[in-house]
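Q: Fold the stuff below for me.
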Amino acid sequence: MYDSVATFYGGYDSVRYLRRPSVRFSRNALILAVAGVVLLGFVAADVGAFANLPVSVQVTGVSWYAEGELLTTSGGFTLHSSQSTTLVLTCDTICWAVDGASVSAPFHLVGLTVIDQPVQYVNVTVQAPSTAYHGGLTIDLAVG
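A: Modelled structure (predicted):
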């Protein structure tokens, strides 16, 4: 092939037109690459799930107080972080007129209901802390 312009610039017409070599991957290399990407995705998902596991909140015992006087204690329980639970105090003889409650830190009081039947039920709903905790829970009932 002769190019008059290429001759003018110094003989570019003698340079061959070279094709770039095509890049080829073996089938096994492609399979290994796809498997590696999928495995990396699974590992990332596992790490994310492990980092977001709920922590354990272990209550060793619950102490119920009214006007500074210990009414009763009950056994402990285990919750996940930020989980709510309802604790019940029953009274069937001389009962207090309960109109409020507070709970010890790091717990949060969610709700209080008092049912006065022949048997009084004081239902206190508490929310566990968002961090790990191991210890007791104190509930102070306000008498009105």
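Q: And the strands in this protein?
A: All strands of the chain, identified by DSSP state E, fall at 56-66, 69-80, 84-91, 98-103, 108-116, 120-127, 133-143.
Q: Now distance to Gly36 and mean neighbour count too, for those, in CSV please.
A: (C-beta placed from N, C-alpha, C; glycine too.) Formatted as CSV, the strands of the chain follow (distance: least, C-beta to C-beta, whole Å; neighbours: other C-beta atoms under 10 Å):
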stretch, distance to Gly36, mean neighbour count
strand 56-66, 36, 17
strand 69-80, 35, 13
strand 84-91, 44, 15
strand 98-103, 51, 17
strand 108-116, 46, 14
strand 120-127, 44, 19
strand 133-143, 41, 17
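Q: which residues does the closest residue to Glu67 other than its chain neighbours contact?
A: Spatial nearest neighbour of Glu67, excluding adjacent residues (C-beta to C-beta, 6 or more residues apart in numbering): Val143 at 5.5 Å. The contact partners of Val143, taken as C-beta atoms under 8 Å, 6 or more residues apart in numbering, are Ala66, Glu67, Trp96, Ala97, Val98, Asp99.
Q: again, only this time at 10 Å
A: For Val143, the contacting residues are Ala66, Glu67, Glu69, Trp96, Ala97, Val98, Asp99, Gly100, by C-beta atoms under 10 Å, 6 or more residues apart in numbering.
Q: in the sheet, who's paired with it?
A: Taking DSSP bridges as the rule, Val143 bridges to Val98.
Q: Give the rounded mean pLDDT of stretch 132-144.
A: The average pLDDT within stretch 132-144 is 92.
Q: how much space between the residue nearest to Glu67 and Asp116?
A: Val143 sits 14 Å away from Asp116, going by C-beta to C-beta, to the nearest Å.
Q: overlap in contacts of the two?
A: Common contacts of Val143 and Asp116 (C-beta under 10 Å, 6+ apart): Ala97, Val98.
Q: ok, of the contacts of Val143, which one's closest to Val122?
A: Val98 (5.4 Å; C-beta to C-beta).
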